[in-house]
Structures are given as C-alpha cells and as structure tokens.
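Enquirer: Quick one, fold the following:
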Amino acid sequence: MENKEQGIAAPGSRMANTGATPVLASFLEHLVKNQVITKDQAIQATEWKRQNETDKRPLLEVLKDEFGVSADQLGQHVAQYYAFRTIEPRERHVRRLLVADAGKILRALPDATLQLVIKHKLLPFDLAENQPDKLVLITPNPADREIHELARVFPYKKFEICYMRESDWSDYLQKVLAEREKTTAEPVVVPPDEAVESDFESLMEREVARAQLHAQLGAVLEDAIRGGATEIHVAPRAARKTEILFRIEGRLAVWHTIDNARCEAVLYALKGLGASMDRFERLAAQQGVIMRSLNNRTLRFTVSILPLHAREQGVRAESAVIHVMREAEGIPPLDRLGMDDHTLSILNDSLASMRGLIVAAGPARSGKTTTIASALRSLIKPTLNIVTVEEPVEFLLDGVRQVKLNPRLGFLDAIDLLTDHDPDVVMLGEIRSPEVANIALRLANIGHLVLSTIAARDATSAVMKLIDMTHSPLLVGEGVRAVLAQQAVRLVCDRCKKPLSVSATQQALGRLRFELPDGERTPQLFRAAGCIDCLAGYRGHELLFEAFSASPAIREIIAGAAERIDYRTLSAALHSEGLVSLRQKALDMVCRGVTSVDELLPFVV
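Expert: Residues are numbered from 1 along each chain as shown. You can find the predicted model right below:
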C-alpha cells in the first residue's frame with residue numbers, strides 16, 4: 001500500500017507521530033467530499049482541536065464523540081483514504097483461517113501481549129495466498145498507530161493490516177475466544193525466523209532516554225541545515241561509538257561523535273524520528289522520511305539504512321545516510337546558477353523549443369539535479385502538463401505532477417504509462433539504464449520536451465554514454481536537443497591560501513598538461529591550507545558549465561556514427577561550434593589563483 005505521508009502508517013510500517021495538522025485537514029476534506037460531514041462541521045472540528053490542545057484524543061475519536069459521526073463510517077473512509085484493504089466476512093469467496101488456527105496463534109502470545117492485542121482490536125484472519133510467512137490481520141481501527149507496532153508480536157516475518165467493520169470484528173472475536181477457551185494449549189507452528197529479542201525494545205528505550213538521543217539527533221538535523229550540508233552520514237565505529245559526518249561543499253567531515261550510547265540505539269532513535277522505518281528490523285535495507293520544523297519552515301530528509309558487518313560479537317550495526325531535501329523556494333533561477341552567457345542562451349533556447357531531450361551531465365554532487373529542477377521551474381504555467389518520475393523526489397514543485405513511486409509502481413512501469421497521461425513536459429530521474437535511455441529518447445522523438453540527468457564527465461561523454469546504452473546513434477542524434485555538463489569546484493580560502501614556489505608551479509602545470517604561450521608570464525598558483533574561516537582550506541564553490549545545442553551538423557555526426565562514436569571527432573566538432581570545455585575553464589580558475597591544482601585533478605585531467 002502506498003504511504004501517503006499522511007501521518008497514518010501504511011501496512012507493515014512504523015510511523016512516528018510527527019504532528020499531523022495538515023494531514024487531518026486533508027482527511028477532513030475527504031470526508032466532506034464524500035458527504036460524511038459538512039464543510040461547516042469540518043471547520044468546527046478543526047477549531048475544536050485547536051481550542052482543546054490538552055485533549056489528546058485523535059481527530060477520529062473527536063468526530064465520533066463530539067460530532068456524532070458513526071465509527072463504521074469513519075473506519076470505512078479511513079480504509080478508503082489510506083488504501084487499506086477491506087474484508088467482508090460474509091462474502092463466500094473470502095479466504096480465512098480456521099477459527100481454531102486463529103485461536104492457536106493467539107494462544108502463543110503472552111497474556112499481557114494478548115490483552116494489548118485485543119484492547120487495540122487486532123486479530124489474525126488469514127495467511128496471504130502463496131505467502132505462508134505473511135499474516136493477514138483485521139481491525140476496525142486502521143488509524144490506530146499502536147496496531148502497527150503490535151502486528152510485530154505475531155511470529156510471522158510479514159503482515160498486512162486490513163479493515164473490518166466493528167460489528168463483524170466483534171463477532172469474529174467472540175468465535176476466536178470461545179475456541180481458544182475450549183482448546184487445550186498446544187504449540188503453534190510458525191515460520192522459521194530468528195528468536196524474538198523480548199528485551200530489545202526496553203533496552204533501546206532506556207539507552208535512548210539516558211543518552212537523550214532524540215535531542216542529539218534533532219540538533220544534528222538542524223546543524224546540517226544551518227551548516228549547508230547536503231548529506232548526513234551516521235556511521236558506527238565501535239559498539240559505543242557513532243560518528244556523524246556532514247557532506248559540505250562535496251566533502252565529508254566528522255561533525256559530531258556519539259560515544260555515550262550503543263550504536264544500535266542511535267539507529268533505533270533515528271528510525272523513531274521518521275516514517276516508514278521499522279525500529280526492530282536490523283538485517284534489511286530500509287528507506288524512510290523525516291520531517292522537521294525549523295524557523296516556521298517544514299524541512300524534509302530522506303533516510304537510507306543498510307546493515308553492516310560489526311567486529312564486536314553480538315552487535316548488529318547499521319549505517320544511515322540522510323539526504324537533506326530542498327523545497328522549490330530553495331531552487332535558484334537559471335540566471336543565478338553561475339552559467340556563462342553561452343550556456344544560458346543554449347538552455348533557454350532549448351527549453352523554448354518545447355521538444356527534444358535536454359540532458360544535464362556531471363559526476364555525483366555536481367548540482368546537475370538542481371539545474372534540471374531550475375529549468376523545470378522556469379516552465380511551470382497552468383497551460384502545461386508537466387510530469388516527473390524520479391526516485392527519490394529531490395524537490396517539491398507546485399504546478400508539477402510528481403509521480404510517487406512505491407512497491408506497486410516501479411520506475412520503469414511509471415515511465416511506460418507516461419504517454420497515457422498526456423504530458424507536455426517530462427522530467428525523468430537520472431538515466432542509468434538502457435531502458436530509461438530508450439524511453440527518454442522515444443518520448444523526445446514523438447514531440448515531448450524531456451529533461452533528465454546522466455552521470456558523465458563532460459558533454460561529449462554524455463552523448464557517447466547514450467549511444468552505448470541505446471546502440472542507436474540515429475535515435476540519439478534525432479532525439480537530443482541540448483546537452484550541458486557541469487562540475488562543482490571548491491574555491492581556496494583567500495585568508496589562508498599559500499602560494500606555490502616557482503618549481504612547484506612548473507611541476508603543477510606539467511601535471512595539468514598545460515603549456516604557456518610564448519612570452520606569457522608563469523601564473524601564480526596556490527594551495528589550500530586551512531584556517532578558522534574555512535573548511536580544510538576551501539570556502540565556497542563555483543559551478544563550471546559547458547553546453548552545446550544539437551545543430552544539423554552535430555546531429556549528422558552523431559546519427560552517422562557506428563555503435564561507438566569517436567570522442568575526439570565529436571569533441572572537435574563541438575569546439576568548432578563554440579563550446580568551451582570544462583577543462584579549459586578549470587585551468588583558467590587555477591591560473592587566476594581561485595582554486596588549487598589538487599581540487600581539479602580528479603575531475604578534469
């Protein structure tokens with residue numbers, strides 16, 4: 001089931017309570033639209049909640065108790081809104097466990113746990129078809145957060161939570177309890193799985209509380225925003241040592257060390273801050289979202305978690321990378337990205353043509369996604385249908401239909417369905433596979449404007465990579481409208497940069513394969529040093545761009561190539577049409593003394 005990020009967890013997920021006022025408003029709109037309540041009642045309910053902040057009842061209970069909405073109506077519409085499957089027990093074709101088998105499953109639970117399960121109205125109903133390790137559970141209250149925690153107590157690796165009407169659920173409960181009372185206890189056969197660590201949760205909760213981990217991690221997220229970090233790495237170094245690293249200006253640096261808590265507790269607390277992450281799962285990869293409020297702004301972070309090998313026996317370590325997501329307001333306009341006039345003119349003309357493929361190329365963390373987002377934002381207007389398919393969604397854009405991928409809708413499936421959605425403009429996530437490359441170029445060739453990114457070191461390499469993926473130079477030659485490549489180069493700190501000696505300068509120029517024209521003075525080069533005003537000798541960065549528009553001559557060279565195009569031939573043709581290479585621009589920066597030789601060697605040499 002797709003999690004709508006609405007504050008009610010999807011089946012099989014654990015969602016922290018992150019504050020749900022906007023979500024409740026959306027659900028109220030759903031109830032009004034379906035004539036369950038009137039608009040006036042929705043306004044009154046919202047105002048009631050605002051005026052009674054000390055009342056901790058969920059909105060659903062307030063609607064039932066204070067406004068007289070029936071529990072069945074609310075349950076049915078919660079299930080509909082959040083896509084929980086509804087089970088009608090009176091339908092003849094409905095699969096179900098024997099009542100005796102359901103009783104056996106309940107008998108295997110400790111008495112205290114059983115009481116909690118019944119209190120929160122959760123019962124086993126079936127085993128999923130062809131999935132004997134997946135338990136189907138029923139409840140009349142799918143909005144109850146606790147049931148998604150309680151579902152984990154059943155000895156099955158997977159589960160699905162479904163909705164059943166209160167009266168039907170109560171009838172089923174009576175049958176199960178009656179069977180449970182008259183049947184002698186016997187062991188229940190469960191799928192093979194690791195032993196349940198009954199004390200794990202209490203141990204982690206004590207660690208989290210003692211070390212104030214929620215407060216520490218919250219401060220880390222806020223520091224990342226204020227410090228301009230693009231990524232946060234949570235890396236376990238020992239059983240009781242976890243390093244927090246920030247990626248700033250493209251480089252990782254240790255920001256904070258947590259050495260007063262177990263590394264498992266740090267990840268346990270981190271998962272508890274967000275949605276769609278299972279705090280008890282430590283052997284599988286997970287992804288989730290964290291929402292935070294800072295200075296009246298809602299900030300969004302995506303989390304990726306992987307299990308790691310640990311040296312210490314008994315430690316199950318995990319690594320987390322948190323990506324700092326930016327809202328549309330944080331996307332600079334095209335003319336403020338630092339593009340030279342030639343690149344900006346090519347991009348604007350290509351966008352105005354409203355057809356063909358525009359590709360932004362560059363290595364990881366070069367800013368190419370921001371460039372495409374800025375280009376996309378410049379196109380937004382009510383008369384255009386703009387659709388994006390990306391994973392993850394990097395920016396939230398008003399006026400754009402951003403497809404939400406989920407286990408039932410994969411990246412390639414979503415792209416295949418795009419033509420049925422009648423888009424004018426399509427933005428795809430990074431082109432990483434032949435399938436995506438072929439679809440992007442075919443969409444471009446039938447009249448759509450397509451924007452995407454590709455991992456390549458320069459514009460020429462981007463074209464070669466597209467040909468390698470598609471094995472069709474003709475398709476690439478006809479579909480590509482423009483290619484721009486970019487790289488981020490850090491600037492040496494003016495306060496602490498150190499000049500190179502004459503001999504070191506000559507050696508550096510040799511490493512760069514740079515020959516001075518006759519009679520030209522040797523430029524003064526600098527190296528990074530480091531001071532209180534900078535980060536390891538660098539402060540800020542500059543984006544370098546190169547770009548070309550596919551003129552008839554360039555199209556002919558690309559389309560007429562064999563399965564592999566000659567790099568030098570295409571590069572020479574592009575330079576003859578005005579392209580100034582990234583390498584040349586980087587060398588100019590070195591010679592102007594604004595960056596170091598070491599900063600450029602990995603990228604342009």
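
Enquirer: Listing request: residues of the stretch 501-605 of the chain with sub-threshold pLDDT.
Expert: 515-519, 563, 602-605 (pLDDT under 70).

Enquirer: got it, and the stretch 101-250 of the chain?
Expert: Ranges of the stretch 101-250 of the chain meeting pLDDT under 70: 180-199.

Enquirer: In it, what residue spans correspond to helices?
Expert: 111-119, 146-150, 166-182, 200-211, 213-227 (DSSP state H, counting those that start in this stretch).

Enquirer: got the ones you listed as CSV, with distance to K465 and mean neighbour count columns?
Expert: (C-beta placed from N, C-alpha, C; glycine too.) Below are these laid out as CSV (distance: least, CB to CB, whole Å; neighbours: other CB atoms under 10 Å):
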stretch, distance to K465, mean neighbour count
helix 111-119, 54, 13
helix 146-150, 43, 19
helix 166-182, 56, 15
helix 200-211, 45, 15
helix 213-227, 32, 17
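
Enquirer: want to try CSV for the ones you listed, with distance to S501 as columns?
Expert: Output for the helices of the stretch 101-250 of the chain, formatted as CSV (distance: least, CB to CB, whole Å):
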stretch, distance to S501
helix 111-119, 74
helix 146-150, 65
helix 166-182, 82
helix 200-211, 50
helix 213-227, 35
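
Enquirer: Next, the residue positioned nearest the centre of the chain: phi, psi?
Expert: Taking CA atoms, centre = their mean, the centroid of the chain lies closest to P392, which sits 3.7 Å from it. Dihedral pair for P392: phi -80, psi 170, per degrees, to the nearest 10.

Enquirer: Pull the contacting residues for it.
Expert: Residues near P392 by CB atoms under 8 Å, 6 or more residues apart in numbering: 287, 302, 323, 325.

Enquirer: Does L357 touch G479 like I think?
Expert: Yes. L357 is within contact range of G479, at 5.0 Å (criterion: CB atoms under 8 Å).

Enquirer: Just want to know which of those two has more residues nearby.
Expert: L357 (29 against 26; other CB atoms under 10 Å).

Enquirer: Not including adjacent chain positions, what is the nearest residue to that one?
Expert: When the adjacent residues along the chain are set aside, L357 lies closest to A444, with 4.0 Å between them (CB to CB, 6 or more residues apart in numbering).

Enquirer: does that neighbour really touch V359, like I thought?
Expert: No. With contact defined as CB under 8 Å, A444 does not reach V359; the gap is 10.0 Å.

Enquirer: Now for those two: what residues contact both?
Expert: V480.

Enquirer: List only buried entries from the contacts of P392.
Expert: 302, 323, 325 (16 or more other CB atoms under 10 Å).

Enquirer: can I assume the first one sits in a strand?
Expert: Yes. Counting by DSSP: H, G, I helix; E, B strand; the rest coil, T302 falls inside a strand.

Enquirer: From what I see, it and V321 are in contact.
Expert: No. With contacts counted by CB under 8 Å, T302 stays clear of V321, the gap being 9.0 Å.

Enquirer: next one: phi and psi at S374?
Expert: phi -70, psi -40.

Enquirer: How many neighbouring residues does it have?
Expert: Residues near S374, counting by other CB under 10 Å, number 22.

Enquirer: now A45
Expert: 21.

Enquirer: SS state for it?
Expert: A45 - assigned by three-state DSSP - is helix.

Enquirer: How much space separates it from T38?
Expert: Distance of A45 to T38, computed by CB to CB, to the nearest Å: 10 Å.

Enquirer: and if you look at L135?
Expert: Distance from L135 to T38, by CB to CB: 40 Å.

Enquirer: Comparing the two, which residue is more hemmed in?
Expert: L135 (24 against 11).

Enquirer: Report the beta-bridge partners for that one.
Expert: On the basis of DSSP bridges, L135 is bridged to L127, F159.

Enquirer: List the contacts of it.
Expert: By CB under 8 Å, 6+ apart, the contact list for L135 reads 105, 124, 126-128, 151, 154, 156, 158-160.

Enquirer: Which segments of the protein make up each domain?
Expert: 21-81, 99-182, 200-329, 334-604 (automatic domain parsing).

Enquirer: Now tabulate these in a markdown table and tack on distance to I87.
Expert: Listed next are the domains of the chain as a markdown table, based on distance: least, CB to CB, whole Å:
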| stretch | distance to I87 |
| --- | --- |
| domain 21-81 | 10 |
| domain 99-182 | 5 |
| domain 200-329 | 24 |
| domain 334-604 | 19 |
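
Enquirer: Sketch out the helices for the stretch 401-550 of the chain, chain order is fine.
Expert: Going by DSSP H, counting those that start in this stretch, the stretch 401-550 of the chain shows helices at 411-416, 434-445, 459-470, 473-479, 502-511.

Enquirer: can you list contacts of the third one?
Expert: The reference is to helix 459-470. So helix 459-470 is contacted by 359, 361, 431, 433-434, 437-438, 441, 454-456, 473, 476, 480, 483-485, 546-548, 558, 561, 563-565, 567, 570-571, 574, 579 (CB under 8 Å, 6+ apart).

Enquirer: ok, of the residues you listed, which come out buried?
Expert: The neighbour-count criterion (16+ other CB under 10 Å) marks 359, 361, 431, 437-438, 441, 454-456, 473, 476, 480, 483-485, 546-548, 558, 561, 565, 570-571, 574, 579 among those as buried.
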